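Undergrad: Here's my sequence, what's the structure:
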Amino acid sequence: MAEVSQHVDLLIAIPTYNSVTTIEPVTRAMITGLTKYFPEASAVMLNADCGSHDGTTETWERLLKEVSAQKVTAESAVSPEKMLLPLQAVADKRAAYKLILERAQELNVTACAIVDPDVRSITPEWVEALLTPIAKHGYDYVAPLYRRHKYEGTITNSILYPLTRALYGKRIRQPVGGDFGFSAKLATHYLAKNVWKEPLSPHGIDLWMTTTAAAEGHRVCQAYLGRKDQVAKAHEADLPAMLAAVVGAAFALMEEHQASWWQTAGSEDVPTFGAQSELDIDASYVQVERMVKALRQGLRDLLLVWEIILSQEVMAELLQLGWQDPEEFTFPHELWVRVIYDFALAYHDKVLHRDHLLKSLVPLYLGKTASFILETRTSTAPLVMENIEGLCRQFERMKSYLRERWR
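TA: Got it, this is the predicted structure:
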């Protein structure tokens, strides 16, 4: 490793895996951001690579040589305190996060940011947004806030945001983002946890970071980053696996943080840094017929499974949904909340193999998504947000439904 001082003000970490098309622009944007917004701070950048075989590691090594050469030239825009550390090889994303936390602790950093290496829209302003709340305002955790299309992030909008908000009382709009900041104190707290010895999906580790900060009393905020244009990876197209990973992580965290969510009532806003903009609204038409058909198919193929997971009252209402016209389909908020809480309870009670249980949620999720699309097809951005906020309030109001049945 390059020689560094015992204390470094700022650390930016990039956990890569086959990110050759974006690693260079992401790295250069971060260097520019450090130079522009923190000119007096000492800072390092770390690449924790999870086994890339597409040229990502070679690109980092080339950038390392270029930046090292630039530091000895007087006209360089990169000050001597801004340096790239040699690439560190790790097994997977969880190991990458553990390494990043350990480096943050070893370097006694003031603030650290992890950024998604596969983002095409990243700008130097992300550095300021993710690090300033920690370095200058004393926050422990900064969650990202993106400009999204109204039909992007439907798993977050329909499950993760309303569920984590109702459980832990913090309105963190994007609990799974891939871009976030944290303090040295929180890094030390994270490292003391048992999660590093347990299996956790790549999607799950992001949610774990957010939930741990919110549930255990750390100072949390969110920062507006603007549009996130991300390079799609092949594995991300597997909806059942992705849904099972993120929702399973949320349910597993309920076990870990039961004492926290059990006594939490209602929710509160968290401070937000940066000027926010409305959702992207356009006139594009999204077909819902296949989503509704998927729900109907689930009612035929998964009926026996759902009868184990869901209450009789919920099953009776779901059966009625199957008769609706696809273009007039509605999945009421109250019914959806009971579905998610029933799945959380079934996960907790281990009534089925958990992977099978989680993947059986997919047709129900598609039905709820179809309903949301139909309800908001002609809505303005404020009305779309009100629909999502209404669902969140329903999760909060019905939290007693969860408590009364949790054993």
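
Undergrad: What's the mean pLDDT across stretch 125-138?
TA: The average pLDDT within stretch 125-138 is 97.

Undergrad: For residue 89, give me its contacts.
TA: Residue 89 sits next to 49, 51, 57 when contact means Cβ atoms under 8 Å, 6 or more residues apart in numbering. C-beta: built from backbone N, CA, C; applies to glycine.

Undergrad: Also residue 46?
TA: 11-14, 85, 88, 99-100, 103 are the contacts of residue 46 under Cβ under 8 Å, 6+ apart.

Undergrad: That one in helix, strand or coil?
TA: strand (DSSP: H, G, I helix; E, B strand; the rest coil).

Undergrad: Please report how far it lies from residue 56.
TA: Going from residue 46 to residue 56 by Cβ to Cβ, to the nearest Å gives 14 Å.

Undergrad: ok so, going back, wait, which of the contacts of residue 46 is closest to residue 25?
TA: Closest approach between the contacts of residue 46 and residue 25, by Cβ to Cβ: residue 14, at 11.6 Å.

Undergrad: Tell me, how many residues neighbour the closest one?
TA: 27 (other Cβ atoms under 10 Å).

Undergrad: Residue 117 is in contact with that one, correct?
TA: Yes: the criterion here is Cβ atoms under 8 Å, and residue 14 meets it with residue 117 at 4.8 Å.

Undergrad: anything in contact with each of these two?
TA: Taking Cβ under 8 Å, 6+ apart as the criterion, residue 14 and residue 117 both touch 23, 26.

Undergrad: circling back to that earlier point, make JSON lines out of the contacts of residue 46 and add pLDDT, distance to residue 176 and secondary structure.
TA: Shown next, in JSON lines, are the contacts of residue 46 (pLDDT from 0 to 100; distance: Cβ to Cβ, whole Å; DSSP: H, G, I helix; E, B strand; the rest coil):
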{"residue": "11", "pLDDT": "96", "distance to residue 176": "22", "secondary structure": "strand"}
{"residue": "12", "pLDDT": "97", "distance to residue 176": "20", "secondary structure": "strand"}
{"residue": "13", "pLDDT": "97", "distance to residue 176": "18", "secondary structure": "strand"}
{"residue": "14", "pLDDT": "97", "distance to residue 176": "18", "secondary structure": "strand"}
{"residue": "85", "pLDDT": "89", "distance to residue 176": "27", "secondary structure": "coil"}
{"residue": "88", "pLDDT": "90", "distance to residue 176": "24", "secondary structure": "strand"}
{"residue": "99", "pLDDT": "95", "distance to residue 176": "21", "secondary structure": "helix"}
{"residue": "100", "pLDDT": "96", "distance to residue 176": "17", "secondary structure": "helix"}
{"residue": "103", "pLDDT": "95", "distance to residue 176": "23", "secondary structure": "helix"}
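
Undergrad: Relative to residue 310, which of the residues you listed is nearest.
TA: Distance to residue 310, by Cβ to Cβ, is smallest for residue 100 among the contacts of residue 46, at 40.1 Å.

Undergrad: so the closest one sits right up against residue 48, yeah?
TA: Yes: Residue 100 is within contact range of residue 48, at 5.8 Å (criterion: Cβ under 8 Å).

Undergrad: Give me the next element, helix or strand, following the worst-scoring helix or strand of the chain on mean pLDDT.
TA: Ranking every helix and strand in the chain by mean pLDDT, DSSP states H and E puts strand 82-84 at the bottom, with a mean of 77. Moving toward the C-terminus from strand 82-84, the next helix or strand (DSSP states H and E) is strand 88-89.

Undergrad: what sits against residue 120?
TA: 22, 25, 229-231.

Undergrad: what sits against the residue nearest in space to the middle of the chain?
TA: In the chain, the residue lying closest to the centroid (Cα atoms, centre = their mean) is residue 176, at 0.8 Å. Shown in contact with residue 176 (Cβ under 8 Å, 6+ apart): 156, 160, 203, 206-207, 210, 246.

Undergrad: mind redoing it with 6 Å?
TA: By Cβ atoms under 6 Å, 6 or more residues apart in numbering, residue 176 lies in contact with 206-207.

Undergrad: Report the separation between it and residue 7.
TA: For residue 176, the distance to residue 7 equals 31 Å [Cβ to Cβ].

Undergrad: Residue 167 too?
TA: From residue 167 across to residue 7, the span is 37 Å (Cβ to Cβ).

Undergrad: ok, those two, which is more surrounded?
TA: A count of neighbours by other Cβ under 10 Å puts residue 167 above the other of residue 167 and residue 7, at 26 against 11.

Undergrad: Could you export stretch 354-363 as CSV, CA atoms only?
TA: Extracted C-alpha coordinates of stretch 354-363, given in CSV (Å, rounded to 0.1, in the frame of the first residue of the first chain):
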residue,chain,number,x,y,z
ARG,A,354,-37.3,-18.9,3.0
ASP,A,355,-36.0,-18.6,-0.6
HIS,A,356,-39.2,-20.3,-1.9
LEU,A,357,-41.3,-18.0,0.4
LEU,A,358,-39.6,-14.8,-0.9
LYS,A,359,-39.8,-15.8,-4.6
SER,A,360,-43.5,-16.5,-4.3
LEU,A,361,-44.0,-12.8,-3.5
VAL,A,362,-43.1,-11.9,-7.2
PRO,A,363,-46.6,-12.2,-8.7
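
Undergrad: hmm, back to that, most neighbours among the contacts of residue 89, which one is it?
TA: Result: residue 49 is most packed of the contacts of residue 89 (other Cβ under 10 Å), 21 neighbours.

Undergrad: Find the nearest non-adjacent residue to that one, please.
TA: Spatial nearest neighbour of residue 49, excluding adjacent residues (Cβ to Cβ, 6 or more residues apart in numbering): residue 16 at 4.8 Å.

Undergrad: The one you found contacts residue 54, correct?
TA: No: with contact defined as Cβ atoms under 6 Å, residue 16 does not count as touching residue 54 (9.9 Å).

Undergrad: Looking at these two, which has the bigger crowd around it?
TA: Between residue 16 and residue 54, counted using other Cβ under 10 Å, residue 16 has the larger neighbour count: 28 against 14.

Undergrad: So that one versus residue 169, what's the distance?
TA: Taking Cβ to Cβ as the measure, residue 16 and residue 169 are separated by 35 Å.

Undergrad: contacting residues around residue 296?
TA: By Cβ under 6 Å, 6+ apart, the contact list for residue 296 reads residue 322.
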